[in-house]
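>>> can't give you the sequence, but here's the structure:
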């Protein structure tokens, strides 16, 4: 099978591509605009594979999308290309509307037109897998409920609203045109190659630099944490075995308050990379003003994907977070190149 992965140079996209190349015989076409969060260095380990190809394309460019589909003839699409950082969506929502909604529309239309021209067998096998977020469901504050596949949408931020909009487009294309779509909604991912603006890598790198570890509000926001390589396995399960028209929630079964996550990282760093003066990294924790519209709790019920497709996460939070901290300690060069922007400068120079 040949799979077109949009956003494949991003955190989750690169994880699914590494999984496919390393664990299957399938081929991958990585389509990525290479915004600030796209980093081809996350794919160096598989970039030499004859089953891997890269296309630097913006999903808002319909003509280029048509060229890619015509040249590569994919059997499935895994759509991960998106602007995804909540804080950035609050400061500048326009890019989120453009990429997450308009871009998804262009991709759906080009993919649908390509699909309609396939022979009957290929048309029957084709799938469009849209990868989304649990944030579309809103806030579970004050309840012990979990998000299920039928939970009503109630997005709180420009980011989650734009992802909810893209989910609705995907369902509409399935209902109206019979286009073979599947949606997955995942909880918070963490693991290797995570862009340093996100909570876990930010805390690790700030701690190593002796900088403040900023925590929004009281740090009592609860998230369900999913190790990115577990997510990659789940996504491949869905695109190969999932039922068209279905939605699958993917979670890690690891509800943790943000303050718990930060303190756990500090404790692991105290063990693996103690400060010279043996002062605990927890002394660097600083509480800052909460962001607008900050949801208190997300939690996923992932029983459907376990029952229907046989997927459950392999990593506990304790095992996954330890692997993650160790990976950052072992790959500080990758981190520094992201932090100082040199990964972008070299890329821009190569493409000039």
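Perfect, thanks for sending it. Given the structure is predicted, the values throughout are model-derived calculations rather than measurements. Residues are numbered from 1 along each chain as shown.

>>> Now name the helix or strand holding residue 337.
In this structure, residue 337 is located in helix 332-339 according to DSSP states H and E.

>>> Please name the nearest non-neighbouring residue to residue 193.
Excluding its sequence neighbours, the residue lying closest to residue 193 (Cβ to Cβ, 6 or more residues apart in numbering) is residue 42, at 4.2 Å. To be clear about C-beta, it is placed using only N, CA and C from the backbone, and glycine gets the same treatment.

>>> same thing with residue 310?
Counting by Cβ to Cβ, 6+ apart, the residue nearest residue 310 is residue 237, at 7.5 Å.

>>> about what we covered before: could you say what helices and strands the helix holding residue 337 packs with?
Judged by 3 or more Cβ pairs under 8 Å, 6 or more residues apart in numbering; DSSP states H and E, the packing partners of helix 332-339 are helix 199-208.

>>> Show me what whatever helix or strand comes next after the helix it packs on is packed against.
Sequence order places strand 213-216 as the next helix or strand after helix 199-208, per DSSP H and E. Applying 3+ Cβ pairs under 8 Å, 6+ apart, one finds that strand 213-216 contacts helix 199-208, helix 258-272, strand 285-288.

>>> and among those, the most buried is which?
Ranked by mean neighbour count under mean count of other Cβ atoms under 10 Å, the helices and strands packed on strand 213-216 are led by helix 199-208, which reaches a mean of 22.

>>> How far away from the center of its chain is it?
Counting by Cα atoms, centre = their mean, to the nearest Å, helix 199-208 is centred 19 Å from the centre of its parent chain.

>>> for the stretch 51-200 of the chain, what spans make up the strands?
52-55, 76-79, 127-133, 181-186, 188-190 (DSSP state E, counting those that start in this stretch).

>>> partner strands of the second one, parallel or antiparallel?
Sheet pairing for strand 76-79, assigned by DSSP bridges, gives strand 2-6 (parallel), strand 127-133 (parallel).

>>> Now the element after the first one, going C-ward?
This means strand 2-6. Next helix or strand after strand 2-6 toward the C-terminus (DSSP H and E): helix 11-23.

>>> ok, back up a step: what about the residue nearest to residue 310, how many neighbours?
Applying other Cβ atoms under 10 Å, we find 18 residues neighbouring residue 237.

>>> likewise the one 4 residues further on?
Under the neighbour criterion other Cβ under 10 Å, residue 241 is assigned a count of 11.

>>> wait, doesn't it sit right on residue 309?
Yes - under the criterion of Cβ atoms under 8 Å, residue 241 makes contact with residue 309 at 5.4 Å.

>>> Tell me which helix or strand residue 248 sits in.
strand 247-250.

>>> For that strand, name the packing helices and strands.
Helices and strands touching strand 247-250, by 3+ Cβ pairs under 8 Å, 6+ apart, are strand 181-186, helix 228-241, helix 303-309.

>>> among these, which is nearest residue 294?
strand 181-186 (19.3 Å; Cβ to Cβ).

>>> what lines up beside the closest one in the sheet?
strand 127-133 (parallel), strand 247-250 (parallel).

>>> TSV please, covering these and showing mean pLDDT and mean neighbour count.
Converted to TSV, the strands paired with strand 181-186 look like this (pLDDT from 0 to 100; neighbours: other Cβ atoms under 10 Å):
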stretch	mean pLDDT	mean neighbour count
strand 127-133	98	25
strand 247-250	98	24
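
>>> roughly how far out does the helix or strand where residue 320 lies sit from the chain middle?
Assigned by DSSP H and E, residue 320 belongs to helix 317-330. Centroid displacement of helix 317-330 relative to its chain, using Cα atoms, centre = their mean, is 18 Å.

>>> Sweet, I'm off.
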